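Chemist: Have a look at this fold, sequence not included:
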Ligand code: ITT
């Protein structure tokens, strides 16, 4: 069964494509089909994931799967949250977003730096599928005072994960793929697909 992976983020493609292939899907990345991402106007992760999956399904006529995710920082009242990808503005990139987060957290002490990553994955069988599959996963960690590690993407180098005693960016992709918020959401999706 062919399915479009509705993301423009190569980090997500790395972390999702072969897992979905293991589920038995023939995965085609949206970017390889020249499809752009729609504007993310939703007010929740679920809504934005739905928007992305629906747009890709509409453009291809294929089933589609999307991930909307973000970093929720307690001390910042849940920021950057839904706006994780554009925290430093619409022309900001991952590096600018990380810089902004570090600046906002400058005066937050060690014990107050808890955060979680959230991943919401939505799968649609077709554009107007009235009952999408929705799967969510979370991962708890702590925001560091400086970047550490070169792997991963986004906020990984600022996200210390106590069970592994290192940041997500210090984990090899294969390791991150076993334990991350996205891994957990994919595991839930797998259950729902049964
Ligand atoms: P698509 O919408 O095209 O999938 P995106 O990067 O815009 O790509 P989101 O709208 O879901 O994705 O934004 C999520 C942001 O949250 C992403 O840009 C990262 O900065 C951050 N993020 C999500 N998952 C992450 C992870 O596993 N590690 C590090 N940062 C992550």
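Modeler: Okay, I see it. This structure is a prediction, so every number in the text was calculated from the model and none was measured.
Chemist: Which strands and helices lie in contact with the longest helix anywhere in the chain?
Modeler: Longest helix in the chain by number of residues (criterion: DSSP state H): helix 45-60. Applying 3 or more CB pairs under 8 Å, 6 or more residues apart in numbering; DSSP states H and E, one finds that helix 45-60 contacts strand 2-5, strand 64-73, strand 114-124, strand 133-143. C-betas here are computed from N, CA, C, even on glycine.
Chemist: bridging residues for the residue nearest to the spatial centre of the chain?
Modeler: The centroid of the chain falls nearest to residue 69 when counting by CA atoms, centre = their mean (3.6 Å). According to DSSP bridges, the partner residues bridging residue 69 are residue 119.
Chemist: which residues does it contact?
Modeler: Residues in contact with residue 69 (CB atoms under 8 Å, 6 or more residues apart in numbering) are 12, 45, 84, 117, 118, 119, 120, 181, 182.
Chemist: Helix or strand: which one has the residue in the chain positioned nearest to the ligand?
Modeler: Proximity of the chain to the ligand (CB to the nearest ligand atom) peaks at residue 154, 2.3 Å away. Counting by DSSP states H and E, there is no helix or strand that carries residue 154.
Chemist: Check the burial of it by counting its neighbours.
Modeler: 21 (other CB atoms under 10 Å).
Chemist: Ok, residue 35 next?
Modeler: 19.
Chemist: nearest residue to it other than its sequence neighbours?
Modeler: residue 59 (5.0 Å; CB to CB, 6 or more residues apart in numbering).
Chemist: rewinding a little: pretty sure the residue of the chain closest to the ligand is touching residue 12, no?
Modeler: No - in this structure, residue 154 is not within contact of residue 12 by CB atoms under 8 Å, at 9.4 Å.
Chemist: Leaving out sequence neighbours, find the closest residue to residue 142.
Modeler: In space, residue 142 is closest to residue 160, 4.6 Å off (CB to CB, 6+ apart).
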